[in-house]
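S.K.: predicted model, plus sequence, below.
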There are 2 protein chains.
Amino acid sequence: MSDSSIEDVLATIDATLDGARARWFDLLRIPSISAQPAHKADCLRAAQFLCDQLTDLGFEARLSPTAGLPGVIATHHHAGANAPRVLWYGHYDVQPADPFELWHADPFDPQLVDGPHGKRVVARGAVDDKGQVMMVLEAIRASLAATGKLPVNLTVLLEGEEECGSPSLEAMLEAERQTLAADFVLVADTNMWNIDTPAITTSLRGLAAIELTLHGPNRDLHSGLFGGPALNPIRALTRVLGDLFDEHGSIRIPGFYDNITEIPADMLESWRRTGFDDAAWLNAIGLTQPSGERGLSVLEQNWARPTAEINGIFGGYQGAGSKTVIPAQAGAKLTFRLVPGQDPARVIEGFKQFVNTRLLPDARAEFTVFGTSAGLMVPIDAPYVRAARNALEAEFGVPPVLAGCGASIPVVEAFERQLGLRTLLVGFGLDDDCIHSPNEKFEMRCFHRGMRAEARMLAAFAT
Amino acid sequence: MSDSSIEDVLATIDATLDGARARWFDLLRIPSISAQPAHKADCLRAAQFLCDQLTDLGFEARLSPTAGLPGVIATHHHAGANAPRVLWYGHYDVQPADPFELWHADPFDPQLVDGPHGKRVVARGAVDDKGQVMMVLEAIRASLAATGKLPVNLTVLLEGEEECGSPSLEAMLEAERQTLAADFVLVADTNMWNIDTPAITTSLRGLAAIELTLHGPNRDLHSGLFGGPALNPIRALTRVLGDLFDEHGSIRIPGFYDNITEIPADMLESWRRTGFDDAAWLNAIGLTQPSGERGLSVLEQNWARPTAEINGIFGGYQGAGSKTVIPAQAGAKLTFRLVPGQDPARVIEGFKQFVNTRLLPDARAEFTVFGTSAGLMVPIDAPYVRAARNALEAEFGVPPVLAGCGASIPVVEAFERQLGLRTLLVGFGLDDDCIHSPNEKFEMRCFHRGMRAEARMLAAFAT
C-alpha cells in the first residue's frame, strides 16, 4: 500500500467514526455471556451479527459449529500470492455482568459518557473484546472503502467461548486447520502501556481452572442440634484453602514451581526501563503492597510468576441476618496463572493432591477442571513484530513498550501447539478499563487510534 | 393433692380424650403463622381461642398487647399462699408450612392417621407447640374437673412470636413483670428421650451470631491482569477461618474456653447411662466420627461443649463455570454455641481479635453482630426438678433422662435474665416429629401420656 493509500484509509476512518461506533453499540447490546446457558441464543445472535458484517464487506463468512458455541470464520484472500497471510483472532462472547447493582447503567445498554480522556463507552464487553473486535473490523471496512482492497490475505476467526475457558476451540482449530493456514496470528485483546504509548505483549501467563466441592453430611443440618459432632464442610474448605499460601506468599502445592523458565535478562531490563510505579499501581486499586511472593516487584509478580487465585467461594446461608445451618457441602472456584515451563496438568494434579492430603475426616472432595493452557513468550525479532513496531510508532510518535501480561489468552497457546503459528498481540485497552468488572469501558480515543493503528499495521505487514 | 385425687384426675383424662383432641384440632385449624403478615388475623384468632378456653376454665385471662402479636396471659391463683407459684410458658404461633407439595394433606386440616405407635395427628403445629400447649391445658381442665381446684398458683404466658425470633418478648416480660412473678417456669416445647422414656432438658447452649466481611481491593479485579500483586480477600478470609480450629478440633479464639462451668459428674454419668449410640447418630447424617474436640463423645460435643460454626461463606463468582475475578470483598456468617460460664460478649470480642491478628496486609475486617445469649444449666436438685422426676417416673415406669440440648431456646435465657426465673423443660415430642418440616406430627400416645404426666407434675409440685 502506498503512503497516499494509507492516508486515504486513515482519513476514511476519521470521517466515518460515528457509523463505526453505532455498529459497535449494536454488538454491545447483545448479552452474549458464554458462561451462562440462558444466554446461548444471545451468543448465537452476536455470532450472526459479525458473520453478516463480514459478508457485507465481501468476506466469505460462515459460522463454524462446535460442541458449544460456534466460531465465526471468514476469508478475504485477494491480495495475491506474495502478500502475507494473516489470521485475525478475536472473541464475541463476554463475561457475566454481575454484580448488576454496581453498574451505573444497564451493562447491555452502552453509554457514551465523559471522562478525563474525552468520551468513553461503558458496557459489558466495551473493550473485552467487542470493542477491540469492532476496532479491527472497522479498520478493515475503511481500508476496503478507501482502496477497494486489503493489503494482506486475511482470515478471520471470532470465537464464542473465550470467557468460559474455550472448551471447543481445540476441536475447531483441528477441524478448520486448512482454512486457518496463515503466516502468523494477529490478536487485539490486550492493553496499551498508557493512553499515549502503545504496547506489544511479549509474554502471557497460562491458565488452569478448577472447581472444588467439599461434601460433608448427607443433608443440611441445624447447627444447634448437630453442631459440634457434625462435620461442617465450610470448616473443611477453609482449612484446606487457608493453607494454600505460606508466610512468604508462596504457593504450597507440591511441584508448583518446578521447571519455570527464567525470564531473559534483556526482557527484565526492558521492564525496569518502563519506570513502572508499583505504589501508584497499587494505590489505584486501594492497596499498599504487593500481595504475591515476598521480595518481587508488581511486574515480576504479575508477568513472570504463577499465582493461585480463589475466584469464588460459597456454602451455606448467604441471605440477610443469620441462619443456624450446617450445609451439606461448600465449594470454591480457583484459577492458576501459569508461566512458561509449568505443566498445567501437573499443577492440577498437584492441587488435587494438596486438597486430598488436608481433608478433615468424612469430608469428600469433588473436582471439576474447566480448562488449562500453558504460559508463553513471543519472539520479539520476527518480521511481523518489526512491522508492527514501526506502524505503532508512526501512529503514536513513540515506540511501543514490549510488555509482559499477567493474563492468559489460551488461544495463543492453542495456535502455537495446534497450527504452529506464533501470535502478535497488540491491543488498545487501558489498565483502568474494568474488564470483567462493573462499568467496563473503552476510551473513544483508544478505539479511534486503535483503528488507525490496525490499518497501519495491515499495510505494514505487506511491505 | 391426695393419691386418690390424682387417680381421679388421670381417670378424667383417660375418659375425656376425644374431647381434648377435638379442641386441639380446633386450634390446629387456625393457620397462626407469625412470620407471615398475611396471617396476622389468624394469629389473633388463635390467641383469642386460647384466651377463651382459659376464661372458661376459671382463669383471669386477657391478651397482652405488644408491638407485634399479643401474648395470652392468664392467672389461676387459688391454691393458697403456701402453694408454689408456677409460670407456664408456651407459644400459639407456628412455622410457615411450605413446601406445601410435600404434605400429604392440608397442613391446617389436622389428620388422625395410623403409625407404628398407634394413631398420630399430622398438622402444622401438631406438636410445636400447639399440641404441647393443649396437652398442658387439658391436664389443667381435667384437674379442675376432677377436683374443683389446681394444686398450684398458676400463671400462663402463651407467646405469639416464638417462631419468628420473639421480637416483642423482652418488652412484654418487662411490662408484665408483676403478673409473671413465680417460683419457676414450666415449658412444654421439647422432646422425650424416646417414646417410652421421658426427658428433662437440663442444659441449653447459648448463641452468638456474627458476620465477618473482609475488604481487599477497592473494586473487583481481573485475576490475570492483577493476580499476584493484588490482594485477594477470599485468600485472606480462608487464611483466617482456616486457622479457627487446631489439629484437635479445639477453637483457637483467645479466651474461648475460659470459665466454662464443668458438667456435674452425676449428669455426665446419666448421659453415659442413656446408652446413646454415637455411630448410629452419625451414620444417619452420613458421617463416621464426631467432628468436634478430640476424645469427646457426640453427646458431650453437642450438649456440653461450645462450637464455632461457619453457617455461610461467600465471595467472588458463584455461577456456572469459571470467572477470572478477584473480588473486592468476601465474607462469612458464624454462630457460636455457648455453654454455661462463657461470656457471649467476650467470645465476640475474642473472635474479632482472632481475626484482626490474622489479617493479610491491606485486608480490612468489618463485623456485624446479630445477637447473643448465654448457655444455661438447670439445677437438677431443685425441689421442682425432683418433683418432676418423680412424677415422670410414676407415669412412665422409668426415670426421665436428664438430657442436654445443643440448641438454644432464647426465651429460657430471657426468663432468667429479666425475671430471675429458672425454667423446667419437660416436653413430649419425639425426634422424628418433623417440627418445622412437612407432615409435622404428634403421637396420640405422647399427647395422652403427656397430659397425664403434666397432671402428675402439677400435683407433685405442691407436695
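M.R.: Structure's in. What do you need?
S.K.: helix, strand or coil for A:Phe367?
M.R.: Secondary structure assignment for A:Phe367 (DSSP: H, G, I helix; E, B strand; the rest coil): strand.
S.K.: and what of the one 3 residues further on?
M.R.: When states are read from three-state DSSP, the local structure at A:Phe370 comes out as strand.
S.K.: and it, what is it in contact with?
M.R.: By C-beta atoms under 8 Å, 6 or more residues apart in numbering or on different chains, the residues touching A:Phe370 are A:164-165, A:167, A:209-211, B:321-322. Bear in mind the C-beta positions are built from the backbone N, C-alpha and C, glycine included.
S.K.: same thing with A:His215?
M.R.: With the criterion set at C-beta under 8 Å, 6+ apart, A:His215 makes contact with A:233, A:328-329, A:363-366.
S.K.: can you pull the pLDDT of it?
M.R.: In the prediction, the pLDDT value recorded for A:His215 is 98.
S.K.: and for the residue in the stretch 251-400 of chain A that chain B sits nearest to, the neighbour number?
M.R.: With C-beta to the nearest C-beta, the shortest gap between the stretch 251-400 of chain A and chain B falls at A:Gly286, namely 3.1 Å. The local packing of A:Gly286 (other C-beta atoms under 10 Å in any protein chain shown) involves 17 other residues.
S.K.: that one - nearest residue in space that isn't next to it in sequence?
M.R.: Distances taken as C-beta to C-beta, 6 or more residues apart in numbering or on different chains put B:Asn218 closest to A:Gly286, at 3.1 Å, once the chain neighbours are dropped.
S.K.: distance of A:Pro383 relative to A:Phe184?
M.R.: 9 Å (C-beta to C-beta, to the nearest Å).
S.K.: give me the more crowded residue out of these two.
M.R.: Set A:Pro383 next to A:Phe184 and count neighbours by other C-beta under 10 Å: A:Phe184 wins out with 18 against 11.
S.K.: mind listing the residues bridging to that one?
M.R.: A:Val86 (DSSP bridges).
S.K.: for it, give its distance to A:Leu296.
M.R.: Taken as C-beta to C-beta, the span from A:Phe184 to A:Leu296 is 32 Å.
S.K.: one more: A:Leu69?
M.R.: Counting by C-beta to C-beta, the gap from A:Leu69 to A:Leu296 is 38 Å.
S.K.: who's more crowded, those two?
M.R.: More neighbours surround A:Leu69 than the other of A:Leu69 and A:Leu296, with 24 against 16 (other C-beta under 10 Å).
S.K.: my guess is the more buried one contacts A:Asp93. True?
M.R.: Yes - here A:Leu69 reaches A:Asp93: they are 6.8 Å apart, a contact under C-beta atoms under 8 Å.
S.K.: quick one: common contacting residues for these two?
M.R.: A:34, A:43, A:160-161.
S.K.: pull the most distant pair out of the residues you listed.
M.R.: A:Cys43 and A:Glu161 (8.5 Å; C-beta to C-beta).
S.K.: overlap in contacts, these two.
M.R.: A:34, A:69, A:93.
S.K.: residue contacts, the nearest residue to the first one once chain neighbours are set aside?
M.R.: Nearest residue to A:Ser34 in three dimensions, chain neighbours excluded: A:Asp93, at 3.6 Å (C-beta to C-beta, 6+ apart). A:Asp93 is in contact with A:32-34, A:43, A:46, A:69, A:159-164, counting by C-beta under 8 Å, 6+ apart.
S.K.: go ahead and name everything in contact with the strand or helix carrying A:Val156.
M.R.: Assigned by DSSP states H and E, A:Val156 falls within strand A:153-159. Contacting residues not belonging to strand A:153-159 are listed as A:47, A:50, A:54, A:59, A:61, A:71-80, A:83-93, A:133, A:140, A:166, A:169, A:172, A:176, A:179-182, A:411, A:458 [C-beta under 8 Å, 6+ apart].
S.K.: can you rerun that using 7 Å?
M.R.: A:50, A:54, A:59, A:71-77, A:79, A:83, A:85-92, A:133, A:166, A:169, A:179-180, A:182, A:411 (C-beta atoms under 7 Å, 6 or more residues apart in numbering or on different chains).
S.K.: could I get the full set of helices for the stretch 101-250 of chain A?
M.R.: Assignment of helices within the stretch 101-250 of chain A using DSSP state H, counting those that start in this stretch yields the ranges A:130-147, A:169-175, A:233-241.
S.K.: adding mean neighbour count, write those out as TSV.
M.R.: What follows is the helices of the stretch 101-250 of chain A, written out as TSV (neighbours: other C-beta atoms under 10 Å in any protein chain shown):
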stretch	mean neighbour count
helix A:130-147	25
helix A:169-175	18
helix A:233-241	27
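S.K.: pLDDT below threshold where in chain A?
M.R.: For chain A, applying pLDDT under 70 flags the ranges A:1-3.
S.K.: can you give me the domain boundaries for it?
M.R.: A:3-204+A:376-461, A:206-260+A:306-373 (automatic domain parsing).
S.K.: so for B:Phe442, which of the ones you listed sits nearest?
M.R.: Using C-beta to C-beta, the nearest of the domains of chain A to B:Phe442 is domain A:206-260+A:306-373, at 18.5 Å.
S.K.: with only the CA atoms kept, save stretch A:405-417 in PDB.
M.R.: Once non-C-alpha atoms are left out, stretch A:405-417 reads as follows in PDB (Å, rounded to 0.1, in the frame of the first residue of the first chain):
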ATOM      1  CA  CYS A 405       1.000  -9.700  30.600                       C
ATOM      2  CA  GLY A 406      -0.300 -11.400  33.700                       C
ATOM      3  CA  ALA A 407      -3.500 -12.600  32.000                       C
ATOM      4  CA  SER A 408      -3.900 -15.600  29.700                       C
ATOM      5  CA  ILE A 409      -5.100 -15.900  26.200                       C
ATOM      6  CA  PRO A 410      -5.300 -19.600  25.900                       C
ATOM      7  CA  VAL A 411      -5.900 -19.400  22.200                       C
ATOM      8  CA  VAL A 412      -2.400 -18.100  21.700                       C
ATOM      9  CA  GLU A 413      -1.000 -21.400  23.100                       C
ATOM     10  CA  ALA A 414      -3.500 -23.400  21.000                       C
ATOM     11  CA  PHE A 415      -2.500 -21.600  17.800                       C
ATOM     12  CA  GLU A 416       1.100 -22.400  18.600                       C
ATOM     13  CA  ARG A 417       0.500 -26.000  19.600                       C
END
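S.K.: ok, residues contacting the strand or helix carrying A:Leu27?
M.R.: Here A:Leu27 sits within helix A:17-28, counting by DSSP H and E. For helix A:17-28, contacts defined as C-beta under 7 Å, 6+ apart pick out A:46, A:49, A:108, A:110, A:123, A:125-126, A:130-131, A:134, A:138, A:448.
S.K.: tell me which helix or strand comes right after it.
M.R.: helix A:40-56.
S.K.: how far is that next one from where the chain is centred?
M.R.: 20 Å (C-alpha atoms, centre = their mean, to the nearest Å).
S.K.: try stretch A:302-313
M.R.: Per C-alpha atoms, centre = their mean, the centroid offset for stretch A:302-313 relative to its chain is 14 Å.
S.K.: and the residue of the stretch 151-300 of chain A found nearest chain B, how many neighbours?
M.R.: Of all residues in the stretch 151-300 of chain A, A:Gly242 sits closest to chain B, at 1.8 Å by C-beta to the nearest C-beta. A count of nearby residues for A:Gly242, using other C-beta under 10 Å, gives 20.
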